[in-house]
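Engineer: Just a sequence and a predicted model for now, questions to come.
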Amino acid sequence: MSEVVIIGVDCSIRPGQTGYARAVANREANTCTLECVDTGTDRAVFRKPLGEWITNEDRPVLLALDVPLGWPLCFRVGIGRHTAGFPLSGFDLSVPDDFFLRQTDHDIKGRTAITRNPTNPLSVAADKFARTAAQTLDLLARISERGQESLPLAWNPEEVGRNGSRSMIEVYPAATLALTLEKKLPHSYRDSKGKDRSEIRGQLARGLVSGLPKEAKDPYSVRGPRLKALRTQARGHLDKMKKTDHALDSVICVLAAWHFLQHKAKGPCEGQRSLARQEGWIWAFDPTKPECSDSGTSEVR
């Protein structure tokens, strides 16, 4: 089946801070059209509309989740055999990143370090992030039980769409931006300490999504015309993305999933696959792939 429903989710345990977006990707026509962008509370969002989209949709569904879907193997093993009052034995804690970060976190850190927007993935072993990951996995399990369908991790784009399947991938908006943007972000696009950064969010939205009204001062664009594949004609989508970074992040999650479906995202190499299946993997755009160059044309509507 050529059409796949993509659901991008910026996960959070804070009320009203879960962003979600829905799009329909058509791999034959090389188009990906946004249908919905919004925010809400985590449990309400996963119950409705996400729960309904996943269980009631006739077409294949691919979830793109901005949250770790696994824990570092060293961390799991070390904590599992730890006793209170004793050190974590068997690990070199002089390099704590090797204990608290996954191999995919190291991979993303290294790949974005040479870009204009380097990023460091957060550790899923950290308090708030661990809570978000655990709660998201629990809510996904509830959806699976209700729909009597599993939500396995997708590892091959060609497998998405077989027999009306449902599957999910882990994505990281900051990495997707770092690896696709041609210019450096002047600062964060998230509001903080009373600073309203809706203008930057609007500029990013117009750079990533076709069909939005342009402004002369828009400085951001993605690498190559073939990547400008997200499309919408709904002005309300721009308003949502300008209002909050959670809505914008959910759309970037959709973009990352579209890269995955088009074989434009980097997966684990042969030596990384076994550990990736235990810890999870962040799928992010790979600008070194030949099909990601500026050559060639494709219709974007």
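Structural biologist: Yep, that arrived.
Engineer: Apart from its neighbours in sequence, what residue is nearest residue 27?
Structural biologist: Nearest-residue entry for residue 27: residue 2, 5.4 Å, with adjacent residues in sequence omitted and distances by C-beta to C-beta, 6 or more residues apart in numbering. Where C-beta positions appear, they are placed from N, C-alpha and C, glycine not excepted.
Engineer: ok, that neighbour - how many residues close by?
Structural biologist: Counted by other C-beta atoms under 10 Å, the residues lying close to residue 2 total 11.
Engineer: ditto for residue 271
Structural biologist: 8.
Engineer: And the residue nearest to residue 27, how far from residue 201?
Structural biologist: 32 Å (C-beta to C-beta, to the nearest Å).
Engineer: which stretches of the stretch 101-250 of the chain form strands?
Structural biologist: 166-170, 209-210, 230-231 (DSSP state E, counting those that start in this stretch).
Engineer: Show me the one of those strands that comes nearest residue 184.
Structural biologist: When the strands of the stretch 101-250 of the chain are compared by C-beta to C-beta, strand 209-210 sits nearest residue 184, at 20.2 Å.
Engineer: now for that closest one, which elements pack on it?
Structural biologist: Using 3 or more C-beta pairs under 8 Å, 6 or more residues apart in numbering; DSSP states H and E as the contact criterion, the secondary-structure elements in contact with strand 209-210 are strand 230-231.
Engineer: Run through who's touching the strand it packs on.
Structural biologist: Applying C-beta atoms under 8 Å, 6 or more residues apart in numbering, the external contacts of strand 230-231 come out as 23, 31-34, 208-211, 251, 254-255, 258, 300-301.
Engineer: Same check on stretch 139-158?
Structural biologist: When contacts are defined by C-beta under 8 Å, 6+ apart, stretch 139-158 is touched by residues 42-43, 46, 50-51, 54-55, 62-63, 69, 160, 166-170, 260-263, 267, 277, 280-281.
Engineer: from these, which ones fall inside helices?
Structural biologist: Judged by DSSP state H, those include 42, 43, 46, 50, 51, 54, 55, 260, 261, 277 as members of helices.
Engineer: now the stretch 201-301 of the chain, which segments are flagged as low pLDDT?
Structural biologist: Low-confidence segments of the stretch 201-301 of the chain (pLDDT under 70): 216-217, 221-229, 290-301.
Engineer: Then the stretch 1-150 of the chain?
Structural biologist: Counting by pLDDT under 70, the stretch 1-150 of the chain has low-confidence residues at 1, 15, 89-93, 96, 127, 147-149.
Engineer: Dead centre of this protein: give me the residue that sits there.
Structural biologist: Within the chain, the residue whose C-alpha comes closest to the C-alpha centroid is residue 171; the distance, by C-alpha atoms, centre = their mean, is 2.8 Å.
Engineer: OK, contacts around that residue?
Structural biologist: Per C-beta under 8 Å, 6+ apart, neighbours of residue 171: 8, 64, 65, 66, 252, 253, 256, 257, 282, 283, 284.
Engineer: again with residue 204
Structural biologist: Applying C-beta under 8 Å, 6+ apart to residue 204 gives the contacts 177, 189, 220, 241, 248.
Engineer: Just the ones in helices from those, please.
Structural biologist: Among those, the members falling in helices are 177, 241, 248 (criterion: DSSP H).
Engineer: and these as JSON lines, adding neighbour count?
Structural biologist: Formatted as JSON lines, the entries for the ones in helices among the contacts of residue 204 read as follows, by neighbours: other C-beta atoms under 10 Å:
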{"residue": "177", "neighbour count": "27"}
{"residue": "241", "neighbour count": "31"}
{"residue": "248", "neighbour count": "30"}
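Engineer: ok, so of the residues you listed, who is nearest residue 101?
Structural biologist: Here the nearest of the ones in helices among the contacts of residue 204 to residue 101, counting by C-beta to C-beta, is residue 177; it sits at 20.1 Å.
Engineer: quick one: buried residues of the lengthiest helix in the chain?
Structural biologist: Assignment by DSSP H gives helix 127-147 as the longest helix of the chain. Neighbour-count burial for helix 127-147, with 16 or more other C-beta atoms under 10 Å as criterion, is recorded at 129, 132, 133, 135, 136, 137, 139, 140, 143, 144.
Engineer: quick one on the thing from earlier: need the max-distance pair from the contacts of strand 230-231.
Structural biologist: Using C-beta to C-beta, these reach their maximum pairwise distance at 251 and 301, which is 17.8 Å.
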